[in-house]
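K.L.:
next input, structure requested:
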Amino acid sequence: MGYYASGDGLIKLKTALPEEFQFHDVFDEFDLSEDGKDLYVSYSGKYHEEDIYDLCERLEPYTDKGYINFSGEDGCVWRFIYIDGGWREESARVVYESDPAVILSDVDKEELIGQLIDCVEDVISEGKPSDVFIEGANYDQLSSRLTDTLVKWHIL
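P.N.:
Numbering: from 1, shown residues only. Predicted structure coming up:
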C-alpha cells in the first residue's frame, strides 16, 4: 500500500550537475533550464522519504538555494528547503487571514449563544455529566465558563 504524495520545486544551482546525475529514481519530471542554473522538479506517487533525503544529499554540493514542496494524501504539507548550506525538512501549518467568527452575524451569534445556553440548562436539568463541563458545577459556573469560551472564540 504506502503513503502517496505530490510535490514540486525549484532548485537554483551554483554549479552544473554532472551528466550522469540521476533524478528518475525519485522525481517523475525534472527540467533543467537552458543555462543549467534552474532545476524544476515534480513528483506524484508513492512517497519514499529516504529517497528524497538521498536526493537532497546528492544535490547539496551543487545547490545555491531551493525548495521542494509536498502535500500528502492525508492533507499534510511539508517541504525540503536549502538554507545555510544544507537541506532541511519543514512542516507547514495553515493560517487563515480571517477569523472564523467574522462569518457570523450578530443574529447568528445571539442564536448560537441561546442554543449553547439551552444545552447547558439541559445538562443541568437532566443531571448528565459532560466532559465539557465540571461535574457538579452550578449554572453560574457553567455560564461563566461558556461565556469565557465564547469570548476566546471571538464570538462574544
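K.L.:
count of residues packed around Gly36?
P.N.:
11 (other CB atoms under 10 Å). To be clear about C-beta, it is placed using only N, CA and C from the backbone, and glycine gets the same treatment.
K.L.:
could you look up the SS state of it?
P.N.:
Per DSSP: H, G, I helix; E, B strand; the rest coil, the local secondary structure of Gly36 is coil.
K.L.:
and what of Gly114?
P.N.:
helix.
K.L.:
let me see the domain layout of the chain.
P.N.:
As given by automatic domain parsing, the domain ranges for the chain are 4-91, 100-152.
K.L.:
pLDDT on the first one, on average?
P.N.:
Confidence over domain 4-91 (mean pLDDT, whole number) is 89.
K.L.:
now the helices for this structure?
P.N.:
Using DSSP state H, the helices of the chain run over 49-59, 106-126, 139-152.
K.L.:
ranking those helices by mean pLDDT, which is last?
P.N.:
Minimum mean pLDDT among these: helix 139-152, a mean of 65.
K.L.:
tell me the buried residues in stretch 6-14?
P.N.:
Judged by neighbour count (16 or more other CB atoms under 10 Å), stretch 6-14 contains these buried residues: 7-9, 11, 13.
K.L.:
sounds good, over and out.
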